[in-house]
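**Student:** Sequence plus the predicted model coming up.
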Amino acid sequence: MSTLHTVNKSPFERSSLQACLGHAQASDSVLLIEDAVMAALSGTAFAAKLADAGQSIKLFVLGPDLKARGLDPAKVVNGITVIDYDGFVDLAAENSTIHSWL
Amino acid sequence: MSTLHTVNKSPFERSSLQACLGHAQASDSVLLIEDAVMAALSGTAFAAKLADAGQSIKLFVLGPDLKARGLDPAKVVNGITVIDYDGFVDLAAENSTIHSWL
Amino acid sequence: MKFGILVNEGPYNHQASDSAYRFAKAAIDKGHEIYRVFFYYDGVLNATKHSEPPSDDRNVIKNWQKLAEDHKVDLVVCVAAGFRRGIVEDSLAPGFRISGLGQLIEAGIQADRMVTFGD
Amino acid sequence: MKFGILVNEGPYNHQASDSAYRFAKAAIDKGHEIYRVFFYYDGVLNATKHSEPPSDDRNVIKNWQKLAEDHKVDLVVCVAAGFRRGIVEDSLAPGFRISGLGQLIEAGIQADRMVTFGD
Amino acid sequence: MGEDMEEEYEGGIVKKFMFVNRKAPYGTIYALEVLEMVLISAAFDQDVHIAFLDDGIYQIKKGQDTKELGMKNFSPTYRALEGYDIEKLFVERESLEERGLTEDDLLVPVEVISRAEMGALMAGMDVVLTA
Amino acid sequence: MGEDMEEEYEGGIVKKFMFVNRKAPYGTIYALEVLEMVLISAAFDQDVHIAFLDDGIYQIKKGQDTKELGMKNFSPTYRALEGYDIEKLFVERESLEERGLTEDDLLVPVEVISRAEMGALMAGMDVVLTA
């Protein structure tokens, strides 16, 4: 029994990632997709918050969405795993529930 | 030469009101419409920021949008003027430019 | 005074189209002129002829049509944005016309004020 | 494993429909089953038959249609949300069907996992 | 796995459903169309939960009056949920506080819980629907 | 009043237009359709300004590659703007810094200005178009 949380909006524009991190449980996974992939990059004003969250929950980011936006998968915050759509499907299968934070 | 800024999203959900207040000039007016009317209420976590902004810029809120959401026009932060659509049109005519922060 | 209005979002899902309509109506009632209402992005969806909202709610498309009828307001739908989203001559409600983005820029030039409503 | 998918936004304006399509395709390629894709809110706009996107971009509606054709995926458009927004039998693209919201709840019950894509 | 959690109900499956409301009403249609979804779910004899957090709590604010906007005021429908045996309504305390609201401002009986409790409650759901 | 600011240009009106980009590309279509609007504006001989701030700066991030998404990569079009005599591109310094980006990350020449300067620049416009 665990949840895959997905977030799709930039933390600079919306509060949804913050809300997600405030509710995810220790065994849960959080996947950043679409415009949320910006949150995964090191060196941003949000990076420290995400690194903190990564201490207790598993963090993932969708590679194709990073690349589309010209963001280098090699530069994501330590502890975030870059996956593709296959990995997204695996995460959705491995967790019992998917919670999309919109 | 002055600008009417409109904002239509809750400051709890999006950064647009913050962005607007960071760019509005001393002679400008800011009008809160749609889901931004929540920002006008006293007692919220955002009220102090808005009261501060009201020191240098003119603040307005659309009454019909307040009422739709069950928010009492009598309880808005001091210094914010409640107007209706007629007032919105007047503001748009009085200012030389309208900047809608989306 | 001449107002130009830009509507960025479709009907019902966002309040933008309602807000734009109420603003336009208030402006006309105060004696101003609406030079043009331009529908761009998902705003083009305001021009669908197939919308049939529940009878206990407002009819966003009919509101615009009546405004055009009563006050000769020019309702222009962007051709390129419309093609993407399925608003073409076949699906267009009466009262709207399809034209190019130049009509928006021209409204920005000719109108005294340009007001945008979006998400 | 059986996946149910909910699409909340229309084509082009938001990436949600593209993301849902890529997810569905990847799931099928990995041997999973898509129990149903349900289109709600502005998501119903994915079912318009009138969309003609530029030739140098993807065709969101055709992508869904091909998925339905190749893998018998059930594409269901909410009747009430569709009426509001002009997606009715007359404007429906082949491959989609119109039905009630109960089809979404039923997908939530029958599918092993429900995944939502929205704004 | 979700299926481990299911109980049999008149020969059918009963899952824990949660409808999560985080957006204000009227500015977007999500509140209204989520409510329509909730009403339909009543026909399926599922274990239905409704969560109101962040700006979603404005959906059940008392005193909504949409006359001047010409939009339908659908807030009375929340009061009708009880008649459909939908009675598990949860509101997050921190969301109320940030907005200067209290339980007295709400138009239906709800259970006010902390953010931590909301997180734990969400973790026990089989199907989470958001908008 | 806007009309006081206008100059005559070949018998026509020249206004200061600003297209404000505050949203990231691909997650929504706004970046692409604003760019189409900018290109059309070139035909009207107006005084065109483009502002990139907040997440809008990602629109002109170098190295965009949309192949795996199947979406059109429209970022090369920003480089074509110069050919249309659209050369007044402004980027807000604070927005770059918050995102850990520098001018070197951008695919077109721009003028990097402070938030205060951006506010002052916006204040001088006749028509501001946002999405």
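**Tutor:** Looks like it came in fine. Numbering: from 1, shown residues only, chains lettered A, B, ... in the order given.
**Student:** Show me where the chain has its strands.
**Tutor:** As the question left the chain open, I've gone with chain A. A:3-7, A:29-32, A:58-62, A:80-83, A:97-101 (DSSP state E).
**Student:** Not quite, go with chain C.
**Tutor:** So, for chain C - with DSSP E - the strands run C:2-7, C:33-39, C:75-78, C:96-99, C:113-117.
**Student:** and those as a markdown table, adding distance to F:N73?
**Tutor:** To be clear about C-beta, it is placed using only N, CA and C from the backbone, and glycine gets the same treatment. Formatted as a markdown table, those follow (distance: least, C-beta to C-beta, whole Å):
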| stretch | distance to F:N73 |
| --- | --- |
| strand C:2-7 | 27 |
| strand C:33-39 | 27 |
| strand C:75-78 | 22 |
| strand C:96-99 | 28 |
| strand C:113-117 | 27 |
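**Student:** Identify each of the helices in chain C and give its residue range.
**Tutor:** C:16-29, C:60-71, C:79-85, C:102-110 (DSSP state H).
**Student:** Sticking with E:H49, tell me its helix or strand.
**Tutor:** Taking DSSP states H and E as the criterion, E:H49 maps to strand E:47-52.
**Student:** I meant E:P109, not that one.
**Tutor:** Assigned by DSSP H and E, E:P109 falls outside every helix and strand.
**Student:** if we can go back for a sec, in the sheet, which strands lie alongside the strand holding E:H49, parallel or antiparallel?
**Tutor:** Neighbouring strands of strand E:47-52 in its sheet, by DSSP bridges, are strand E:16-21 (parallel), strand E:88-92 (parallel).
**Student:** Look at A:A74 and say how many residues are nearby.
**Tutor:** Using other C-beta atoms under 10 Å in any protein chain shown, A:A74 has 8 other residues around it.
**Student:** any idea how far A:L41 is from it?
**Tutor:** 10 Å (C-beta to C-beta, to the nearest Å).
**Student:** Likewise for E:M71?
**Tutor:** 40 Å.
**Student:** Looking at those two, which one has more neighbours?
**Tutor:** Between E:M71 and A:L41, A:L41 has the larger neighbour count (other C-beta under 10 Å), namely 23 against 20.
**Student:** The more buried one contacts A:P73, correct?
**Tutor:** No: assessed by C-beta atoms under 8 Å, A:L41 is found out of contact with A:P73, at 9.8 Å.
**Student:** what about C:G100, neighbour count?
**Tutor:** Neighbour count for C:G100, taken as other C-beta under 10 Å: 14.
**Student:** For the closest residue to it other than its chain neighbours, report the pLDDT, please.
**Tutor:** Residue nearest to C:G100 in three dimensions, not counting chain neighbours: C:V79, with 5.7 Å by C-beta to C-beta, 6 or more residues apart in numbering or on different chains. At C:V79, the pLDDT value in this model is 98.
**Student:** check contacts around C:V79.
**Tutor:** Contact analysis of C:V79 by C-beta atoms under 8 Å, 6 or more residues apart in numbering or on different chains lists C:98-100.
**Student:** Could you report the distance from A:V76 to F:D105?
**Tutor:** Using C-beta to C-beta, A:V76 is found at 16 Å from F:D105.
**Student:** In terms of neighbours, single out the busier of these two.
**Tutor:** Neighbours per residue, other C-beta under 10 Å: of A:V76 and F:D105, the larger number sits with A:V76, 24 against 17.
**Student:** what about the nearest residue to the more buried one once chain neighbours are set aside, neighbour count?
**Tutor:** Spatial nearest neighbour of A:V76, chain neighbours left out: A:A40 (4.5 Å); criterion: C-beta to C-beta, 6+ apart. By the criterion of other C-beta under 10 Å, A:A40 has 25 neighbours.
**Student:** State whether A:A40 and A:L32 are indeed in contact, as I suppose.
**Tutor:** Yes: between A:A40 and A:L32 there is a contact under C-beta under 8 Å: 5.4 Å.
**Student:** re the thing from before, how about CSV for the strands paired with strand E:47-52, with mean pLDDT, mean neighbour count and distance to D:R85 added?
**Tutor:** Listed next are the strands paired with strand E:47-52 as CSV, based on pLDDT from 0 to 100; neighbours: other C-beta atoms under 10 Å in any protein chain shown; distance: least, C-beta to C-beta, whole Å:
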stretch, mean pLDDT, mean neighbour count, distance to D:R85
strand E:16-21, 98, 24, 21
strand E:88-92, 98, 22, 29
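**Student:** Throw these into JSON lines and include distance to D:E106, thanks.
**Tutor:** Compiled in JSON lines, the strands paired with strand E:47-52 are given as follows (distance: least, C-beta to C-beta, whole Å):
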{"stretch": "strand E:16-21", "distance to D:E106": "12"}
{"stretch": "strand E:88-92", "distance to D:E106": "21"}
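**Student:** out of those strands, which comes closest to D:T116?
**Tutor:** Nearest of the strands paired with strand E:47-52 to D:T116, taken as C-beta to C-beta: strand E:16-21 at 9.9 Å.
**Student:** one step back: ok, now how distant is the residue nearest to C:G100 from A:D52?
**Tutor:** 49 Å.
**Student:** Identify the residues contacting the residue lying farthest from the centre of chain C.
**Tutor:** Distance to the chain centre peaks in chain C at C:D56, reaching 22.4 Å (criterion: C-alpha atoms, centre = their mean). Contacts for C:D56 were tallied using C-beta under 8 Å, 6+ apart; they are E:K72.
**Student:** Roughly how far does C:Y12 sit from chain B?
**Tutor:** 14 Å (C-beta to the nearest C-beta, to the nearest Å).
**Student:** Give me the phi and psi angles of that residue.
**Tutor:** phi 70, psi -50 (degrees, to the nearest 10).
**Student:** Could I get the pLDDT score of it?
**Tutor:** Here the pLDDT value assigned to C:Y12 is 98.
**Student:** ok, now which ones touch the closest residue to it other than its chain neighbours?
**Tutor:** Residue nearest to C:Y12 in three dimensions, not counting chain neighbours: D:R84, with 4.8 Å by C-beta to C-beta, 6+ apart. D:R84 sits next to C:11-12, C:51-54 when contact means C-beta under 8 Å, 6+ apart.
**Student:** got a winner among the residues you listed for most neighbours?
**Tutor:** C:P11 (30 neighbours).
**Student:** Is the lowest-mean-pLDDT helix or strand in chain A positioned near chain E?
**Tutor:** The helix or strand of chain A with the poorest confidence is helix A:47-53; it has a mean of 95 (mean pLDDT, DSSP states H and E). No: Helix A:47-53 lies out of reach of chain E by C-beta under 8 Å from any C-beta of the partner chain, never closer than 12.9 Å.
**Student:** and for that helix, what are the contacting residues?
**Tutor:** Residues contacting helix A:47-53 (C-beta under 8 Å, 6+ apart): A:11, A:18, A:21, A:24, A:30, A:39-41, A:59, A:77-80, F:100.
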